[in-house]
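A.B. asks: This is a predicted model, with the sequence first.
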Amino acid sequence: MATIQNFISNIDSYGGLARLNRFETIVISPFEANPDIESDRYTSFRVVSLTIPGKNLRTVPNENIYGPTHEMAQGLTYAEEITMSFYLSTEHRERQYFLNWIDMIVKPDTYNLEYYDNYKRDIDIYQLNRKDERTSGIKLIECYPKTLGALEYSQESGDIATIDVSFAFKEHYMIDSRGKEFDRQNIPRVST
C-alpha cells in the first residue's frame, strides 16, 4: 500500500516537480562575421514563454491482415514550428535582432536567399530547479525564425509589450544539464 511518504520520496528521488516558470533559453544568432554575444544573451534572457514541442508517431492502418484492421507506426513527425514570446524593450532591440536574422536569410534589397547552413542554429531550452540550476533540457536542431509576429498597440492597454517569434526546426532531443544528449541506453526505468 502506497503512503504519502512513498509519494513524496518518489518525487524527491527525481529532483522534485518541474516548475513551468523555471526555465532558461539559449538563442544564438548566425552572425559569425560580426558576432554579438551580448545581444544573444540579452535576447535569450527576454523569453517570457514558449512551448516545448512534442513527438508524434505517424500511423497507418494495417490492412494486410485477416480480420479487423489496426493502426501501426509508419514514421516520426515533429511539430512544424515552435513559438516563443519575448519581452519587448522600448528600443525594440529584440524585434530588430530577429529582423536582422530574417533579413540575412532573404536579403531585403535583392531577395536573394542565404545558404541554409549559414542561417540555421540550434536552440537550447533548460529546466531549472529552485536553485536556478539546470536539471535537463531539450535541444532544437537547425532552427531559424520563420515568423516575426505583429505588434498591436492600444491606448486602452497598459500591458508590457511582447513579440512572438515562430521558429522552424528539423528535430529535437533531450539533453542533460551540461547540454549533452541523454544516453538513451542508461535512462532509469520506473518500476511499477
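C.D. replies: Right, received. Where do you want to start? Numbering: from 1, shown residues only.
A.B. asks: Please make it C-alpha for all contacts and neighbour counts, starting now.
C.D. replies: OK.
A.B. asks: Please give me every residue in contact with the closest residue to residue 167 other than its chain neighbours.
C.D. replies: Residue nearest to residue 167 in three dimensions, not counting chain neighbours: residue 145, with 4.3 Å by Cα to Cα, 6 or more residues apart in numbering. By Cα atoms under 8 Å, 6 or more residues apart in numbering, the residues touching residue 145 are 98, 101, 102, 165, 166, 167, 168.
A.B. asks: How many residues are close by the last one?
C.D. replies: Meaning residue 168. Around residue 168 there are 20 other residues, counting by other Cα atoms under 10 Å.
A.B. asks: wait, what's in contact with the closest residue to it other than its chain neighbours?
C.D. replies: Counting by Cα to Cα, 6+ apart, residue 168 lies nearest to residue 81, which is 4.6 Å off, once chain neighbours are set aside. The contact partners of residue 81, by Cα under 8 Å, 6+ apart, come to 166, 167, 168, 169.
A.B. asks: shouldn't the last one be in contact with residue 123?
C.D. replies: Looking back up the chat, that one is residue 169. No: when contacts are counted by Cα atoms under 8 Å, residue 169 is not listed as touching residue 123 (9.3 Å).
A.B. asks: Can you work out which residues contact both of those two?
C.D. replies: Here residue 169 and residue 123 share the contacting residues 140, 141, 143, scored by Cα under 8 Å, 6+ apart.
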